[in-house]
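Colleague: one predicted model, sequence on top.
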Amino acid sequence: MLDPAPAQRSGSQRDSSPAARGGGGARALARDLVATAPGHFALAALLLLTAGVTEAFGLLMIVPLLQAAGLIDAGGEGVAVVEAVTGFMTSLGLPLSLPGVLAAFLVLAAIRSATAWGRGVVTTRLRMKFTDRVRCDLYAAVADASWGHLLGRRRSDIQHMLTDSVGRVGHAAFLLLQLAVGTTLTLFQFAIAVMVAPATAAVAAALGLALASVGGPMVRRSHRIGHDLTEKGRVLRGHTTDFLDGLKPAKIHGAEHAHVERFRQQTAEVRERQVAFATLSGGTSAALSFASAVALAGLVWYALAASGLALAELALLALVFARVTPAMLRLLQQVQALANALPAQAAAAGMRKELRAAAEPAGTGGAAPALTRGIEVRNVGFVYPGAPAPALRGVSCDIPAQGIFAVTGPSGAGKTTLADLLLGLLEPSEGAIHADGAPLRGAALRRWRRATAAVPQEPFLLHESVRSNLAWSRPGATEAEMREALELAAADFVDDLEQGLDTVVGDRGGRLSGGERQRVALAAALLRQPALLVLDEPTGQLDRDNEARVIESLRRLRGRATVVVITHGDALLREADQVLTLDACHLSATSADAASPLPPAKPDRVSLTLG
Ligand code: ADP
């Protein structure tokens with residue numbers, strides 16, 4: 001499923017949305033974040049505000065502290081603030097003694113620590129909820145997208161998005177929250193700095209402007225690196241999936257080390273981009289923290305040499321500076337990290353949008369449809385997305401209800417494509433298919449699929465017990481029904497397995513033989529009691545005895561289900577009521593009813609050859 005198809009496009013090509021270009025990314029992320037859990041977001045905002053206020057008071061307390069220590073008097077810079085703070089403290093009945101000020105400090109510190117803890121818990125909850133929502137939305141979008149669209153998508157791209165990229169989207173959400181916290185705290189600090197030490201605040205503001213001017217290009221570079229990382233991560237995931245899926249042939253052909261070498265090169269490329277980001281962001285911080293030291297030195301020089309400020313007031317300036325500038329530097333780092341993570345958010349949003357646009361119509365409710373008259377295929381053609389030529393063209397046939405209809409023909413003739421069209425997985429590009437007179441199109445497809453079951457040539461089993469695999473096909477099936485289906489599918493070998501129905505079948509059913517896998521998959525399909533059952537070479541991997549048993553099962557389905565079987569096997573072809581032969585020439589034909597060179601036919605059998 002979701003095999004790499006010729007029509008696949010690269011993820012990078014899709015990253016050209018406005019969000020992908022960065023600007024709208026942070027806004028879209030913030031909007032999604034608020035929409036995910038408005039309650040948690042409001043609580044986080046409240047805690048943030050509390051933190052801002054306590055932070056501001058903490059900074060204000062520097063003044064009475066220095067005053068209580070006798071280091072400054074009511075003169076000099078910040079006199080209005082000193083009065084305001086001391087007035088406020090007196091109105092609260094707090095003594096302006098050293099112990100009183102220290103006690104107030106401790107109370108503020110306690111509030112700050114408690115709100116920081118609460119904020120940490122709430123923001124983590126918000127971030128996790130958001131990450132899960134993005135992941136689940138994407139899962140649902142994949143599940144709802146039409147099969148035809150998914151065929152044009154590389155499976156590993158979707159895997160990459162659901163795992164690595166969604167993780168980075170969660171990180172971007174975390175950074176955005178951090179940035180909101182940081183910005184609020186810095187604004188509060190700055191407002192207090194303006195009141196307590198306007199000269200320091202002016203220098204810090206100048207430094208802030210300098211940060212913003214050098215920050216812009218750095219942020220853009222971080223965004224570019226983030227984009228590269230998303231793209232290289234996608235390529236790496238594709239390689240890993242190919243490697244694991246193709247490990248057996250790789251070992252047989254001695255190519256496993258070539259895979260490892262390629263993997264090593266690709267991980268090195270990812271590592272290089274990560275190191276490039278660390279170098280950029282670390283270098284920016286180092287340069288800017290040196291610039292702030294230069295600014296502080298300038299401030300001290302100005303205060304002492306140029307304006308002759310007292311040592312105590314100088315201490316006040318330095319203390320305020322020491323609180324405000326690291327907060328500004330942290331902000332810049334957070335903006336850079338956010339810019340680096342935003343391309344993942346843009347890519348995830350782009351994929352979600354694309355999949356939603358390709359969603360199948362919701363379908364109607366009600367019971368699974370029955371099939372009493374049969375299926376009419378009229379002049380059906382199908383072109384895979386991006387394929388240069390049609391896979392099917394001008395196919396017409398009637399599939400009578402509750403009989404056995406065989407499709408045969410060489411590889412590439414379009415047998416599987418026709419089966420997928422009959423199953424309602426694909427919609428014809430031209431012509432039409434009707435089941436009991438109702439067109440298999442649009443919203444009818446989902447409902448139709450409730451009445452169908454199929455066993456592909458390489459059946460897929462979950463890495464779970466036989467019982468779970470059967471229950472997955474029809475939830476709520478009883479053990480008696482499962483045993484009946486297993487018996488009907490000639491899969492009663494299950495009783496001889498170590499733990500019977502509870503035996504785990506291994507990764508993709510790997511602990512069973514090909515034939516056993518196929519028979520368990522057939523039992524799962526039969527358990528659904530489908531109106532239409534499509535089987536792709538159901539006896540291809542079976543010995544004569546088991547082939548005979550499967551054919552006997554199909555015989556028993558006569559009158560109960562419509563069976564379409566893709567086969568080359570003589571025994572199965574003999575069993576069919578009608579045989580449709582697709583051959584390489586069918587693309588230029590409409591339909592014909594010439595007898596195909598088949599083994600002795602049953603008296604009522606009609607053979608159709610398209611070609
Ligand atoms: P068959 O089952 O008879 O071997 P298929 O139905 O699998 O044939 O394929 C019919 C044609 O459609 C082939 O030419 C094949 O290359 C093409 N085809 C099958 N699947 C895809 C796909 N996902 N994308 C593009 N072309 C496809």
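Modeller: Everything's here; your move.
Colleague: dead centre of the protein: give me the residue that sits there.
Modeller: L162 (2.3 Å; CA atoms, centre = their mean).
Colleague: look up how far R154 lies from it.
Modeller: 13 Å (CB to CB, to the nearest Å). All C-beta atoms are positioned from the backbone trio N, CA, C, and that covers glycine.
Colleague: the closest residue to the ligand within the stretch 101-250 of the chain: neighbour count?
Modeller: Per CB to the nearest ligand atom, L151 is where the stretch 101-250 of the chain lies closest to the ligand, at 4.2 Å. Using other CB atoms under 10 Å, L151 is surrounded by 22 other residues.
Colleague: wait, it sits on Y384?
Modeller: Yes - using CB atoms under 8 Å, L151 is in contact with Y384, at 6.5 Å.
Colleague: list the contacts of the residue nearest to the centre of the chain.
Modeller: Contact analysis of L162 by CB atoms under 8 Å, 6 or more residues apart in numbering lists 135, 138-139, 142.
Colleague: among those residues, which two are most distant?
Modeller: The most widely separated members of those, counting by CB to CB, are R135 and V142 (10.8 Å).
Colleague: and the contacts of L162, which of them are in strands?
Modeller: Using DSSP state E, the subset of the contacts of L162 located in strands is empty.
Colleague: ok, and the most crowded of these?
Modeller: Compared across these, L138 has the highest neighbour count, 21 neighbours, by other CB under 10 Å.
Colleague: residues contacting that residue?
Modeller: 161-162, 166, 348, 351-352, 355 are the contacts of L138 under CB under 8 Å, 6+ apart.
Colleague: the helix or strand where A453 lies: what's the following helix or strand?
Modeller: Using DSSP states H and E, A453 maps to strand 452-455. Once the chain leaves strand 452-455, the next helix or strand it forms, by DSSP H and E, is helix 466-473.
Colleague: what residues are up against A341?
Modeller: A341 neighbours (CB under 8 Å, 6+ apart): 168-169, 171-172, 175, 226.
Colleague: adding neighbour count and secondary structure, write these out as TSV.
Modeller: Putting these into TSV (neighbours: other CB atoms under 10 Å; DSSP: H, G, I helix; E, B strand; the rest coil) gives the following:
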residue	neighbour count	secondary structure
R168	22	helix
V169	26	helix
H171	18	helix
A172	29	helix
L175	24	helix
G226	27	helix
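Colleague: and the ligand, which of these reach it?
Modeller: Contacts with the ligand are made by none of the contacts of A341, judged by CB under 6 Å from any ligand atom.
Colleague: ok, so of these, who is nearest R556?
Modeller: So of the contacts of A341, ranked by how close each gets to R556 (CB to CB), first place is V169, at 51.9 Å.
Colleague: if I look at the closest one, how far off is F130?
Modeller: In terms of CB to CB, V169 sits 8 Å off from F130.
Colleague: do the same with A444
Modeller: 37 Å.
Colleague: the two: which has the busier surroundings?
Modeller: For A444 versus F130, the count of surrounding residues by other CB under 10 Å is larger for F130: 26 against 18.
Colleague: any idea which element that one lies in?
Modeller: Counting by DSSP H and E, F130 is found in helix 98-144.
Colleague: quick one: average confidence on that helix?
Modeller: What helix 98-144 shows for mean pLDDT is 88.
Colleague: just stretch 181-200 next, same as before
Modeller: 79.
Colleague: write out the residues of the stretch 101-250 of the chain neighbouring the ligand.
Modeller: Going by CB under 6 Å from any ligand atom, the residues of the stretch 101-250 of the chain near the ligand are L151.
Colleague: hmm, back to that, can I get the contacts of L138 in JSON lines with distance to A337?
Modeller: Putting the contacts of L138 into JSON lines (distance: CB to CB, whole Å) gives the following:
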{"residue": "M161", "distance to A337": "21"}
{"residue": "L162", "distance to A337": "23"}
{"residue": "V166", "distance to A337": "17"}
{"residue": "A348", "distance to A337": "17"}
{"residue": "M351", "distance to A337": "23"}
{"residue": "R352", "distance to A337": "23"}
{"residue": "L355", "distance to A337": "28"}
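Colleague: go through those and flag which are in helices.
Modeller: Of these, the ones assigned to helices by DSSP state H are 166, 348, 351-352, 355.
Colleague: for the ligand, state which of the residues you listed is nearest.
Modeller: L355 (17.1 Å).
Colleague: give me the neighbour count for that closest one.
Modeller: 23.
Colleague: and what of A524?
Modeller: So A524, with other CB under 10 Å, has 26 neighbours.
Colleague: ok, it - contacts?
Modeller: 453, 469-470, 472-474, 485.
Colleague: out of those, who's nearest G93?
Modeller: Using CB to CB, the contacts of A524 come closest to G93 at W472, 69.9 Å.
Colleague: the nearest residue to P64 once chain neighbours are set aside and A110, how far apart?
Modeller: Distances taken as CB to CB, 6 or more residues apart in numbering put V101 closest to P64, at 4.9 Å, once the chain neighbours are dropped. According to CB to CB, V101 stands 15 Å off from A110.
Colleague: returning to what we had before: distance from the chain centre to the strand holding A453, please.
Modeller: 28 Å (CA atoms, centre = their mean, to the nearest Å).
Colleague: equivalent analysis for stretch 118-137, please.
Modeller: That offset, for stretch 118-137, works out to 15 Å (CA atoms, centre = their mean).
Colleague: got it, and stretch 431-443?
Modeller: The answer for stretch 431-443 is 33 Å, by CA atoms, centre = their mean.
Colleague: just stretch 527-534 next, same as before
Modeller: 32 Å.
Colleague: with stretch 172-181 instead?
Modeller: 21 Å.
Colleague: right, and A303 touches V203 too?
Modeller: No - between A303 and V203 there is no contact under CB under 8 Å: 10.1 Å.
Colleague: what pairs with the strand holding A453, parallel or antiparallel?
Modeller: Strand 452-455 has its sheet partners listed here by DSSP bridges as strand 532-536 (parallel).
Colleague: alpha carbons of stretch 387-406, as PDB, please.
Modeller: Output of stretch 387-406 as PDB, limited to C-alpha atoms (Å, rounded to 0.1, in the frame of the first residue of the first chain):
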ATOM      1  CA  ALA A 387       0.800   8.300 -15.400                       C
ATOM      2  CA  PRO A 388       1.500   8.900 -19.100                       C
ATOM      3  CA  ALA A 389      -0.900   6.200 -20.400                       C
ATOM      4  CA  PRO A 390      -4.200   4.700 -19.100                       C
ATOM      5  CA  ALA A 391      -4.000   1.500 -17.100                       C
ATOM      6  CA  LEU A 392      -7.400   0.400 -18.500                       C
ATOM      7  CA  ARG A 393      -9.500   1.700 -21.400                       C
ATOM      8  CA  GLY A 394     -12.900   0.700 -22.800                       C
ATOM      9  CA  VAL A 395     -13.600  -2.300 -20.500                       C
ATOM     10  CA  SER A 396     -17.200  -3.500 -20.400                       C
ATOM     11  CA  CYS A 397     -18.600  -6.600 -18.800                       C
ATOM     12  CA  ASP A 398     -21.500  -7.800 -16.600                       C
ATOM     13  CA  ILE A 399     -20.700  -9.600 -13.400                       C
ATOM     14  CA  PRO A 400     -23.700 -11.600 -12.300                       C
ATOM     15  CA  ALA A 401     -24.600 -11.600  -8.600                       C
ATOM     16  CA  GLN A 402     -23.600 -14.500  -6.400                       C
ATOM     17  CA  GLY A 403     -21.600 -16.400  -8.900                       C
ATOM     18  CA  ILE A 404     -17.800 -16.700  -9.600                       C
ATOM     19  CA  PHE A 405     -16.400 -14.300 -12.200                       C
ATOM     20  CA  ALA A 406     -12.700 -14.800 -13.100                       C
END
